[in-house]
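Visitor: sequence? don't have it. structure:
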Ligand code: SAH
């Protein structure tokens, strides 16, 4: 399925191997070399051919194992050496996945490169909590935003645009900046009781879900979340189907204030 010398950027989805696309599964199985992120778990790596070379190029916040230029170079070198190359990325490769750098590096080197989409964390998290990210008449807009700043830099975010009561915000890489996100959104007019859901390790066996409200987001994030990747979902749409979810996850919400 992958020609020698070709590269595919493949979305690995949020973690559960059942959430891979069939195309992703076939690409993974036919690769001779796979460069994968830290967020791609063993369940998915097990789908690789037993002779394939697996190379971990993961980046987790604060623990950069390979810089982007090195990853770009490794992918190009593997393709030039005749490898059937898969670059396996968590979620969807085109969402906060540095795909542009890798696509450009391949294209500059004259290498054929394709993208196989994946299920992004926001979709997986919404499925886990049993809610819709949009809501007719109330959440007409869905914004994917990253709250990750380069070391030592402030978040450069247009808060006025983000603080839209008719939008749902999906905040990626937002764990450490959760308090700032909440404070800025409140300052820019969102109400304190705006529903928030935090989902850690969405779709994985150790998934955890917390329902809270905007004024308690910072506290909840600090006290409840662990080491896993987490996404923050903010907006009125998250207030729906809460009752059912609260029952199912009441043990996980223990101790956290819930909105009426
Ligand atoms: N391309 C990925 C996002 C990469 S940025 C995608 O489309 O999902 C990494 C961030 O994604 C993490 O910091 C976290 O905010 C989110 N994320 C990735 N996997 C996740 C998971 N299983 N559960 C919750 N959040 C996740």
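Guide: That came through fine. Keep in mind the model is a prediction, meaning the values are calculated, not measured.
Visitor: what about residue 128, which helix or strand?
Guide: helix 121-129 (DSSP states H and E).
Visitor: cool, residue 154 as well?
Guide: Counting by DSSP H and E, residue 154 is part of no helix or strand.
Visitor: starting at the chain centroid, how far to stretch 35-45?
Guide: Relative to its parent chain, stretch 35-45 has a centroid offset of 13 Å by Cα atoms, centre = their mean, to the nearest Å.
Visitor: so where do the helices sit in the chain?
Guide: With helices called from DSSP state H, the chain shows them at 22-30, 42-45, 68-80, 99-108, 121-129, 159-162, 178-187, 217-224, 242-248, 250-253.
Visitor: and the contacts of the third one?
Guide: Right, the one you point to is helix 68-80. 5-7, 33, 35, 55, 57, 66, 85, 87, 98, 101-102, 105-106, 109, 111 (Cβ atoms under 8 Å, 6 or more residues apart in numbering). Any C-beta I mention is one placed from the backbone N, CA and C, and that applies to glycine too.
Visitor: just the buried residues of these.
Guide: 5-7, 33, 35, 55, 57, 66, 85, 87, 98, 102, 105-106, 109, 111 (16 or more other Cβ atoms under 10 Å).
Visitor: so residue 197 touches residue 209, yeah?
Guide: Yes. In this structure, residue 197 is within contact of residue 209 by Cβ atoms under 8 Å, at 6.6 Å.
Visitor: shared neighbours of the two, anything?
Guide: residue 129.
Visitor: distance check, residue 41 against the ligand.
Guide: 9 Å (Cβ to the nearest ligand atom, to the nearest Å).
Visitor: what is the neighbour count of that residue?
Guide: Around residue 41 there are 19 other residues, counting by other Cβ atoms under 10 Å.
Visitor: cool, and residue 23?
Guide: So residue 23, with other Cβ under 10 Å, has 16 neighbours.
Visitor: how about it: what's its closest non-neighbour residue?
Guide: Among residues not flanking residue 23 along the chain, residue 116 sits closest, at 5.1 Å (Cβ to Cβ, 6 or more residues apart in numbering).
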